[in-house]
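Chemist: model the structure of this input:
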Amino acid sequence: MKLCSLERLKNYIGIYFNLPGKERLKFHSHILSPVLHFLYPHICIGCGSDIIEDNNFLCLDCIENLPHTGFAMHANNPVEKIFRGRLPLASGTSEFYFSKDSLIQNVIHEFKYKGNLKLGKYLGRIMGSSLAASDRFSQIDLVIPLPLFSKKELKRGYNQAKILCEGIAEVLKVPLEVQSVIRIYNTETQTKKGRIERWENVEKSFSVLAPEMLEGKNILLVDDVVTTGATLEACAAQILKTKNVTLSIATLAFATH
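Modeler: Numbering: from 1, shown residues only. A predicted model of the protein is given here:
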């Protein structure tokens, strides 16, 4: 059945490329596009619906139901409260609320663990748009992703925070810096640890290799999800040792408890 379908698709493609321009457009719209959709369905990552535009990752219903926080517009928001007394942040935000078995969990899982990097950059652009709309992030000079340990990044093939940064940097039109801050130790999973255990687990995990690249900059440190903030705090603490830096934090999601 599959072989037959592939042969039929090849025939359709052959017909398509032998048609003149206007006829080719009609053929693509009425015949080739529906056949491609049948053989290789483009479905919503959030709910699995196939009622979705070709260039989108989510259907209109899921886009409408994304749990935006609105934190970027407001000082003293829940992200900033996490780090109060722990870090001298200029500002902090998360784009979405995260909860188990939710739409945003499905979206993050598809991006983080299934390698959908286009989705990750799309999510980064959403973050960037929220940051650009807020005067609280108007002075950002540099975007830095929370580093992964080198072997872990090699195994996964990418750093999900860097992919988010690519989308953010594109919208904010600021440089993305990935060489100055590194993760020097691989740490155990943080999932089942309490706040103090999480901090002890990552306390000496990060290092700034090139402080001269960061001096005098307003830096945005980016990660995918913030829970207790221990990992971000450990990395931010090293960055803040650099002269005359101002630090803000942005994550894709804020984990609710």
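Chemist: mind listing the helices for the stretch 1-150 of the chain?
Modeler: Secondary structure of the stretch 1-150 of the chain (DSSP state H, counting those that start in this stretch): helices located at 2-17, 21-27, 33-39, 60-65, 78-83, 103-112, 117-132, 150-156.
Chemist: CA atoms of stretch 168-184 as CSV?
Modeler: The C-alpha atoms that make up stretch 168-184 are tabulated as CSV, following Å, rounded to 0.1, in the frame of the first residue of the first chain:
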residue,chain,number,x,y,z
ILE,A,168,15.1,35.9,21.0
ALA,A,169,18.2,37.4,19.4
GLU,A,170,16.5,37.5,16.0
VAL,A,171,13.6,39.6,17.4
LEU,A,172,15.6,41.8,19.7
LYS,A,173,18.4,42.2,17.2
VAL,A,174,21.2,41.7,19.7
PRO,A,175,24.1,39.3,19.6
LEU,A,176,24.0,35.7,20.9
GLU,A,177,27.1,34.8,23.0
VAL,A,178,27.9,31.1,23.5
GLN,A,179,31.6,31.0,24.1
SER,A,180,32.1,33.1,27.3
VAL,A,181,30.2,31.0,29.8
ILE,A,182,30.6,27.2,30.1
ARG,A,183,29.4,24.4,32.3
ILE,A,184,32.4,22.6,33.7
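Chemist: ok, residues contacting that stretch?
Modeler: Contacts with stretch 168-184, where a contact means CB atoms under 8 Å, 6 or more residues apart in numbering, come from 121, 124-125, 127-129, 131-132, 137, 140-145, 147-150, 159, 162, 165-166, 204-211, 213-214, 220, 222, 235, 238-239, 250. The way it works is simple: take the backbone N, C-alpha and C, and place the C-beta from them, glycine included.
Chemist: and if you look at stretch 206-219?
Modeler: With contacts defined as CB under 8 Å, 6+ apart, stretch 206-219 is touched by 90, 139-144, 147, 177, 179-184, 234-235, 238-239, 241-248.
Chemist: filter those down to the buried ones.
Modeler: 90, 140-144, 147, 177, 180-183, 234-235, 238-239, 242, 245-248 (16 or more other CB atoms under 10 Å).
Chemist: quick one on the thing from earlier: now, the contacts of stretch 206-219 that are in strands?
Modeler: Judged by DSSP state E, strands contain the following of the contacts of stretch 206-219: 142-144, 181-183, 246-248.
Chemist: just put the residues you listed in TSV and tack on distance to N116 and pLDDT.
Modeler: Output for these, formatted as TSV (distance: CB to CB, whole Å; pLDDT from 0 to 100):
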residue	distance to N116	pLDDT
L142	26	97
V143	21	98
I144	23	98
V181	25	95
I182	26	93
R183	23	92
T246	33	97
L247	29	98
S248	27	98
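Chemist: and of those residues, the nearest to K112?
Modeler: For the ones in strands among the contacts of stretch 206-219, the closest approach to K112 (CB to CB) belongs to R183, at 16.6 Å.
Chemist: nearest spatial neighbour of that closest one, skipping sequence neighbours?
Modeler: The shortest distance from R183 to any non-neighbouring residue, by CB to CB, 6 or more residues apart in numbering, is to P147 (4.1 Å).
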